[in-house]
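Peer 1: coordinates for the following, if possible.
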Amino acid sequence: MVRRIDVTGPGGLRLAAWEFADPPKDGTGRGPRADERDRAARGGPGAAGADAERPAQGVLLLHGLMGRAAHWADTARWLSARYRAVGLDQRGHGRSDKPLDACYDREAYVADAEAAIEQLELAPLALIGHSMGALTAWQLAARRPDLVQALVVCDMRASALGEQSQREWENWFASWPVPFATLADVRRWFGEDDPKLERPRPSRGEFFAEVMTEGPDGWRPVFAPETMLRARETWVHDAHWDELAQVQCPTLVVRGIDGELGRAEAQEMVRVLPRGIYAEVPDAGHLVHYDQPAGWRRVVEPFLQAAMPSGA
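Peer 2: Numbers count the residues shown, from 1 in each chain. Presented below is the predicted three-dimensional model:
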């Protein structure tokens, strides 16, 4: 079950946070369907009670660029048996505000996560971030060690990616055959036909189906591609090793074997971290928690139990 809680970010932006409780399994391994989440967001059947008993320790889940909190549903399900699990739709994403004239730099994303932690009274907590969300998580952990007790960094590089990477993303967005006629077309293109793919990944198709919305002419992303490029522009040109070295809490660096974070760089990140631990998930690409949810859980769950032992 999931309950929506609105958080106010810098500049008065409304951010949608989603508090997950442990629901009955639906047989898919991917958590509640979109229609069930929508009912929960409106406070209808399936919404978690506001006065439900909550575990004392919090976990904030931060999705990557183009993602949404719903992508964490499977992870949040098993986390919620032990912790208070909350996913945040970051600015420009999901159900959060998306003004084109808002600020989408690193400072804004870190401040949003900080606001969510404080307004929801989650600290001291564990931060779990994927890709861009992982960068936000370690930047916040470096800035506010009083808030963060443990950190999980999933498939995010600390090195600069450069201008060529940004141009490749611009070209990739331009290649999307939008609008898609059906969600099946979304799943097929992102899971099979996208030229960026080296081999079919049905989980990737499912991931992108979660961020589409239907309009009069078909299915389009809930986010503006130009906003995603603006957000990405604020980190691709810089390296982030110095901030990583300032993180004082236990930190698990997780990479998919076929992901974007190479083994040598991941191990160097662990070396730079004062309390770093390395893990990799076989048969997983960049979307580690979507590609191999069981393998992801196998490395994350024991780390959290060791770093936050009072969560038992």
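Peer 1: report the buried residues of stretch 261-269.
Peer 2: By 16 or more other C-beta atoms under 10 Å, the buried positions in stretch 261-269 come out as 261, 266, 268-269. (Each C-beta comes from the backbone N, C-alpha and C, glycine too.)
Peer 1: can you flag which of the residues you listed belong to helices?
Peer 2: 266, 268-269 (DSSP state H).
Peer 1: tabulate these in TSV, adding columns for distance to Asp146 and pLDDT.
Peer 2: What follows is these, written out as TSV (distance: C-beta to C-beta, whole Å; pLDDT from 0 to 100):
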residue	distance to Asp146	pLDDT
Ala266	27	98
Glu268	27	98
Met269	23	98
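Peer 1: nearest residue to Ile128 other than its sequence neighbours?
Peer 2: If the residues on either side of it in the chain are set aside, Ile128 comes closest to Val152, at 4.3 Å by C-beta to C-beta, 6 or more residues apart in numbering.
Peer 1: hang on, the one you found in a helix?
Peer 2: No - counting by DSSP: H, G, I helix; E, B strand; the rest coil, Val152 is not part of a helix but strand.
Peer 1: contacting residues around Leu183?
Peer 2: 209, 212, 219 (C-beta atoms under 8 Å, 6 or more residues apart in numbering).
Peer 1: host element of the nearest residue to the second one once chain neighbours are set aside?
Peer 2: Think Met212. Excluding the flanking residues, the one nearest Met212 by C-beta to C-beta, 6+ apart is Trp219, at 4.4 Å. According to DSSP states H and E, Trp219 maps onto strand 218-221.
Peer 1: just the CA atoms of the very next helix or strand once past that strand, as PDB, please.
Peer 2: Toward the C-terminus, strand 218-221 is succeeded by helix 225-233 as the next helix or strand (DSSP H and E). The C-alpha trace of helix 225-233 is given here as PDB (Å, rounded to 0.1, in the frame of the first residue of the first chain):
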ATOM      1  CA  PRO A 225      13.000  16.100 -22.300                       C
ATOM      2  CA  GLU A 226      14.400  19.600 -22.300                       C
ATOM      3  CA  THR A 227      14.100  19.600 -18.500                       C
ATOM      4  CA  MET A 228      16.000  16.300 -18.200                       C
ATOM      5  CA  LEU A 229      18.800  17.700 -20.400                       C
ATOM      6  CA  ARG A 230      19.000  20.900 -18.200                       C
ATOM      7  CA  ALA A 231      19.200  18.800 -15.100                       C
ATOM      8  CA  ARG A 232      21.900  16.600 -16.600                       C
ATOM      9  CA  GLU A 233      23.900  19.500 -17.800                       C
END
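Peer 1: what comes up buried for helix 225-233?
Peer 2: Neighbour-count burial for helix 225-233 [16+ other C-beta under 10 Å]: 225, 227-232.
Peer 1: how about the buried residues of stretch 261-269, which pair is most distant?
Peer 2: Maximum pairwise distance in the buried residues of stretch 261-269, criterion C-beta to C-beta, is 10.6 Å, between Leu261 and Glu268.
Peer 1: assign Trp18 to helix, strand or coil.
Peer 2: strand.
Peer 1: try Gln149
Peer 2: Following three-state DSSP, we place Gln149 in the strand state.
Peer 1: skipping its backbone neighbours, what lies nearest it in space?
Peer 2: Leaving aside its sequence neighbours, Gln149 sits nearest to Pro124 (C-beta to C-beta, 6+ apart; 4.2 Å).
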